[in-house]
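>>> The amino acid sequence is not available; the structure is as follows:
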């Protein structure tokens, strides 16, 4: 069992930055890929970024490529999402999730990110 807690969300002006954290407890992060997803009001949850357990392989949604950076510190059991050049359309609840196989097995409770224009 893995428990995930997101933090770092908040209100920021367009063009600003935030860094989200996803802290895991219960068992080690090692061996798990970690992903960030987001859900805006009235929209389906969408993929944002993912990182493999070693931190070598990353992937991003086209909408955030070049602006967001995912990284991890396995010693701290934490994955980060650095979000720069934020836009109002980035406003959403951001969730982290982990998987050892093809499905995202564990999810956090989410953290709200609001970008004002």
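Thanks, I have the structure now. Just so you know, these numbers come straight off a predicted model, no measurement behind them. Numbers count the residues shown, from 1 in each chain.

>>> Per-residue confidence at the residue most central in space within the chain, what does it come out as?
In the chain, the centroid-proximal residue (CA atoms, centre = their mean) is residue 36; its distance is 3.0 Å. Note on residue 36: pLDDT of 98.

>>> Mind giving me the packing neighbours of the helix or strand where it lies?
Assigned by DSSP states H and E, residue 36 belongs to strand 33-39. Helices and strands touching strand 33-39, as assessed by 3 or more CB pairs under 8 Å, 6 or more residues apart in numbering; DSSP states H and E, comprise strand 18-25, strand 46-51, strand 68-73, strand 78-83, strand 92-99. All C-beta spots, glycine's among them, are computed from the backbone N, C-alpha and C.

>>> Residue 41 - how many residues pack around it?
Residue 41: 7 surrounding residues under other CB atoms under 10 Å.

>>> Could you check how far it is from residue 70?
According to CB to CB, to the nearest Å, residue 41 and residue 70 sit 24 Å apart.

>>> same thing with residue 94?
Separation of residue 94 from residue 70 (CB to CB) stands at 12 Å.

>>> Need the overlap of contacts for these two.
Common contact partners of residue 94 and residue 70 (CB atoms under 8 Å, 6 or more residues apart in numbering): 36, 81.
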